[in-house]
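Colleague: how would this look folded up:
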Amino acid sequence: MATTIQPFLDSAAERMDKSVQHFTDETRGIRTGRASAGLLDSVRVDYYGTKTPLSQIANVAVTDARTLAVKPYDQGALKDVEKAITAAGLGLNPTVDGPLVRINIPALSEEQRTKLASRVKALAEEGKVSMRNVRRDVLREMETEHKEKKGDVVLTDDDMKSGKDKVQEILKDHESRLDELCKNKCDEIMTV
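Modeller: Here you go, the predicted model:
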């Protein structure tokens with residue numbers, strides 16, 4: 001029989017990595033006052049009756065610091081792309097300019113910047129709560145294995161103590177990564 005806590009630690013790290021990645025994905029589409037193709041990641045276009053991600057039916061390019069250009073692969077979808085961007089609730093006003101849709105990114109007011117920074121902080125806190133839930137679940141799984149003493153993995157009292165410490169270290173590492181990402185995004189938003 002093996003005496004190891006490594007599978008539990010690997011599971012905790014992998015699940016916490018997913019929380020950090022989710023935060024990154026969620027904040028990618030938050031406006032910073034500068035043009036970024038990531039702003040349109042959440043846009044879904046009604047393309048022949050199917051809600052399709054914009055990135056699958058069009059090329060999104062940053063033409064300058066405040067302008068995006070969206071060029072559909074199928075020119076027949078031009079109006080649908082414009083309509084989807086307007087309806088996405090991003091506060092953007094697209095205009096059809098020949099074969100593409102141009103989007104001017106308006107400057108953000110101080111109030112808007114503060115609200116967006118608060119949203120980023122709330123998403124970071126949700127990520128931390130998610131990671132703490134992972135810690136709780138992994139410790140519960142380890143405790144169950146320790147009590148049952150069945151199967152391939154038998155956890156000793158020493159394994160449990162070191163496992164709890166290591167899961168806590170993994171949590172602290174992931175929380176610090178999340179804090180750093182949150183700080184960078186808030187700085188990006190608040191920079192004029």
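
Colleague: going forward, measure contacts and count neighbours with C-alpha atoms only.
Modeller: Will do.

Colleague: spatially central residue in this protein, please.
Modeller: D25 (2.3 Å; C-alpha atoms, centre = their mean).

Colleague: give me the phi and psi for that residue.
Modeller: Backbone geometry at D25, expressed as degrees, to the nearest 10, gives phi -60, psi -40.

Colleague: go on, V45?
Modeller: V45 adopts backbone torsions of phi -100, psi 140, taken as degrees, to the nearest 10.

Colleague: quick check, it in contact with V81.
Modeller: Yes. Using C-alpha atoms under 8 Å, V45 is in contact with V81, at 5.9 Å.

Colleague: of the two, which one has the most company?
Modeller: Neighbours per residue, other C-alpha atoms under 10 Å: of V45 and V81, the larger number sits with V81, 27 against 24.

Colleague: that older thread, give me the common contacts of V45 and V81.
Modeller: Shared contacts of V45 and V81 (C-alpha atoms under 8 Å, 6 or more residues apart in numbering): L54.

Colleague: and L90, how many neighbours?
Modeller: L90: 15 surrounding residues under other C-alpha under 10 Å.

Colleague: can you tell me the SS state at it?
Modeller: Three-state call for L90 (DSSP: H, G, I helix; E, B strand; the rest coil): coil.

Colleague: give me the below-cutoff pLDDT ranges for the chain.
Modeller: Residue ranges of the chain with pLDDT under 70: 1-3, 33, 150-153, 192.

Colleague: just the helices in it please.
Modeller: All helices of the chain, identified by DSSP state H, fall at 6-28, 54-57, 78-87, 110-148, 157-190.

Colleague: want to throw those into CSV with distance to N104?
Modeller: Shown next, in CSV, are the helices of the chain (distance: least, C-alpha to C-alpha, whole Å):
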stretch, distance to N104
helix 6-28, 18
helix 54-57, 17
helix 78-87, 12
helix 110-148, 17
helix 157-190, 17
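
Colleague: so which of the ones you listed comes closest to T67?
Modeller: Closest approach to T67 among the helices of the chain is made by helix 78-87 (14.0 Å; C-alpha to C-alpha).

Colleague: same for that closest one, what does it pack against?
Modeller: Counting contacts by 3 or more C-alpha pairs under 8 Å, 6 or more residues apart in numbering; DSSP states H and E, helix 78-87 is packed against strand 44-47, strand 67-72, strand 94-97, strand 100-104.

Colleague: of these, which is nearest M131?
Modeller: Among these, the nearest to M131 by C-alpha to C-alpha is strand 44-47 (29.5 Å).

Colleague: direction included, what does that closest one pair against?
Modeller: Here strand 44-47 has these sheet partners by DSSP bridges: strand 50-53 (antiparallel).
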